[in-house]
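[1] Need the 3D shape of this:
(2 chains)
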Amino acid sequence: MQEEKLRLEDLLGASASLDPKAGINTVAIIGAGVMGQGIGQTIAAYGFEVLVVEKDITNLEKSKVNLADGIDYEIKRWAMTNSDKKAILGRIKWQTDLKNIDEYDLIIEAVEEDFDLKVSVFKELDKLAKKEAIFVSNTSTLSLTKISEKTSRPDKMIGLHFLNPVPKIPLVEIVKCLYTSNETVEFVKDFVSKIGKTPVEVYEYPGFITTRSIVPLINEAMHILLEGVATAKDIDTAMKLGYNFQYGPLEMADMMGLDEVLTWMETLWKTLGEPRYRPNPMIRKLVRERKLGRKTGEGIFKYDEHGNKLL
Amino acid sequence: METNCSNYSQGKKLNQIWNEKMKVLVLNCGSSSIKYQFIDTETKTALAKGLVDRIGMTGAVLSHQRYDGDKIKIAGEILDHQIAIEYVLGVMLSKNHGVIDDKKDIEAVGHRVVHGGETFSGSVFITDEVVNALTDNIELAPLHNPPNIKGIQACQRILTNTPQCGVFDTAFHSHMPPKAYLYGIPFELYKKHKIRRYGFHGTSHLYVAHRAAEMMGKKIEELKIITAHLGNGCSMAAVDRGVSVDTTMGFTPLEGLLMGTRSGDLDPSLILYIMSKEGLTVSEAGTLLNKHSGLIGISGESSDMREILAAVKDKQKRSEFAFELFCYRIKKYVGSYAAAMGGLDALVFTGGIGENANEVREYVCKDMIFLGIDLDEFKNQNNEEIISKDNSKVKVLRIPTNEELVIAMDTARIVSEMKK
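    Numbers count the residues shown, from 1 in each chain, chains lettered A, B, ... in the order given. Sure thing, here's the model as predicted:
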């Protein structure tokens, strides 16, 4: 057997035509939280090589384990296979620094929702990444335009709002900031279709489509509960059967995490000034009591240790 | 130019139909891989064969093997099918590992195309119109047809003057009567979405049915043959006087026999019931039926019949169920197809399991003397070609399939006819 590193040019001389086509081949993700991990899994599942950068080694290791456990759970319920797992894990590289970040075509930031933190990440990336690389932020509330102004490539800055759980939600909001070029939008739209998601384009604005629409619905359902009109279970049943929702609004809030939902409500209330976004007192109370929904075992409903709703 | 598969049912033997001498490159293009063989149709042997794997990903590699055993692996940045085919040509032309001196030595290219839909009832000389028609059939085989088309288009660019043919998995079954190909659902769905049974493994069923006739010294038009292609995917066909009149796979390769990881036939209501009980989405239910069912689903051990057989020897109950389910379903279809054809002259086993698992053949043929099937246990265990007793009314045959050869030979035939 010959040396595997032998290349076609070695056999044929320089005549072989090998001009690579432009396109996104390599993707880096900064931040290995729930979103970073979910985005990484989704992109790797569609055949892309992915680098996940997480500066905290403990979080990185935890994310690796969570990813493998999550896929194992899917295999157990026959939704994925062992070969899917092998392929996905095989395509994801993990590291704690930005070494070789200049090799990546698309860099997705998925760190905490903190303006200064995000700016510092992008400033650093701006220095190290190749000139053509596209910068993506997963922010759902912060101003992309303001972040982009801190870099030398605001035309290559774009938002991709993935929804949790990323591998299962077939939608991505593509967020254009003031400076995003049409080329960047087209490039990213093509990429989003290649990872099996349907893109919708939005302009930078608080809450985009999804968060802005769902927050008042959840808030209203909580008011109905608080005013004693119906039980939590009946509110959810009415919305599920009446409007063909997969989940009722209260169960959905528990799944999203009541602390998250409260943050969105406050941001929308502050930025848009409309009273309809003002958080219901009940959600404030539950968050104060650390009853944050499925992740803590109790929110509006109660859950067992596997996150199944207790009836 | 399209040739009808009834060409193969007019009393001609394969070597009368396939008598062209040509060197044909056979390509089987998948979504991220290309399998290829360079076949000399005169000697019916492969001069070279190989695989390009991980196309469009890092770590792409071409593994190439020459007729004399010379092997080589080439790593490279193989971003798409066109570059992959350039690599294949590159290695075939190379001084040390090659088999040709000039691209012109490839006299024709034969493509395996999975789905011909209702448009193609036989192999076809590829023109732009054909490529357009194939594109129209993408919905029927969304995983398979797009890479097949990519391979064809890449060859049109790289091997500009080399004639190309498409040989379809579905074509051999395209003469099934409506009673065999229609489903019992509103007829409008057939008209609207082309929902009907198509069948697959056509090249294999065609080849082994004809080989069976040759081995029996008879014309194919005198025979009623059941062919069982048992490999990774499994299907059977009722070949009545050279024409496939029914087959077990349907709209997709999921219907019919139990397979390594596929369920085969089941009550359609089950899918809806499982989806609601287990909270599965449409695509997850697809994964359940295509990847977690069949031998692996029942046994919990393996999708590989060799491992199932080993587990059966160890008396593992679930593997015994898997083995029996697998064989029992084949046995039922033998009875069903004999009834459909009004008789039976030969039963053919082919594919990895069909050719090698004598236990499967034994189970299928047991207690079938009432149908004229009388298996010779000794011949069966020795994996001989004819495994029925000399006086068995129905001949039971074990025939290695060769789908690449079918593609090469049919390509050579069509290209020669075009030149005449």
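[2] Now do the helices in chain A.
    If DSSP state H is used as the criterion, the helices of chain A fall at A:8-12, A:34-45, A:57-76, A:82-91, A:115-128, A:144-149, A:182-194, A:210-226, A:232-243, A:249-256, A:258-272, A:281-288.
[3] Any idea which of these gets closest to B:Met409?
    Taking C-beta to C-beta, helix A:8-12 is the member of the helices of chain A nearest to B:Met409, at 30.1 Å. For the C-beta atoms, the positions are set from N, CA and C on the backbone; glycine is no exception.
[4] Let me see the mean pLDDT of the closest one.
    Across helix A:8-12, pLDDT averages out at 56.
[5] where does the stretch 1-150 of chain A have low pLDDT?
    Scanning the stretch 1-150 of chain A for pLDDT under 70 picks out A:1-23.
[6] one step back: out of the helices of chain A, which comes closest to B:Gly110?
    With C-beta to C-beta, the closest approach to B:Gly110 among these belongs to helix A:8-12: 23.8 Å.
[7] and chain B, which of its residues are near chain A?
    Within chain B, the positions lying close to chain A (C-beta under 8 Å from any C-beta of the partner chain) are B:32, B:56-58, B:61, B:71-77, B:79-80, B:83, B:86-87, B:90-91, B:93-97, B:278-281, B:284, B:287-288, B:291-292.
[8] Which ones among the residues you listed lie within strands?
    B:61, B:71-75 (DSSP state E).
[9] among the residues you listed, who's most crowded?
    Neighbour counts for those (other C-beta atoms under 10 Å in any protein chain shown) peak at B:Ile74, which has 27 neighbours.
[10] Once you drop chain neighbours, what's closest to that residue?
    Once flanking residues are discounted, B:Ile74 sits nearest to B:Leu62: 4.5 Å by C-beta to C-beta, 6 or more residues apart in numbering or on different chains.
[11] Contacts only, for that neighbour.
    Counting by C-beta atoms under 8 Å, 6 or more residues apart in numbering or on different chains, B:Leu62 touches B:50-53, B:73-74, B:76, B:78, B:84, B:87-88, B:91.
[12] same thing but 10 Å
    B:Leu62 sits next to A:6, A:8, B:34, B:36, B:50-55, B:72-76, B:78, B:84, B:87-88, B:90-91 when contact means C-beta atoms under 10 Å, 6 or more residues apart in numbering or on different chains.
[13] again with B:His81
    Residues near B:His81 by C-beta under 10 Å, 6+ apart: B:27, B:29-34, B:52, B:55-56, B:146-155.
[14] I'd say B:Asp80 and B:Met57 touch.
    No. Contact criterion C-beta atoms under 10 Å: B:Asp80 and B:Met57 do not qualify, at 11.2 Å.
[15] Buried only: go through the contacts of B:Leu62 for me.
    A:6, A:8, B:34, B:36, B:50-55, B:72, B:74-76, B:78, B:84, B:87-88, B:90-91 (16 or more other C-beta atoms under 10 Å in any protein chain shown).
[16] I'd like to know which of the residues you listed are part of helices.
    Filtering the buried ones among the contacts of B:Leu62 for helices - DSSP H - leaves A:8, B:84, B:87-88, B:90-91.
[17] Present these as JSON lines; the columns should include distance to B:Lys366.
    Formatted as JSON lines, these follow (distance: C-beta to C-beta, whole Å):
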{"residue": "A:Leu8", "distance to B:Lys366": "54"}
{"residue": "B:Ala84", "distance to B:Lys366": "47"}
{"residue": "B:Tyr87", "distance to B:Lys366": "49"}
{"residue": "B:Val88", "distance to B:Lys366": "46"}
{"residue": "B:Gly90", "distance to B:Lys366": "53"}
{"residue": "B:Val91", "distance to B:Lys366": "49"}
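[18] Looking at the residues you listed, which is nearest B:Lys21?
    Distance to B:Lys21 across those (C-beta to C-beta) is lowest for B:Val88, with 22.5 Å.
[19] Provide a list of residues in contact with the closest one.
    By C-beta under 10 Å, 6+ apart, the residues touching B:Val88 are B:25, B:27, B:34, B:36, B:38, B:48, B:50-52, B:62, B:64, B:74, B:158.
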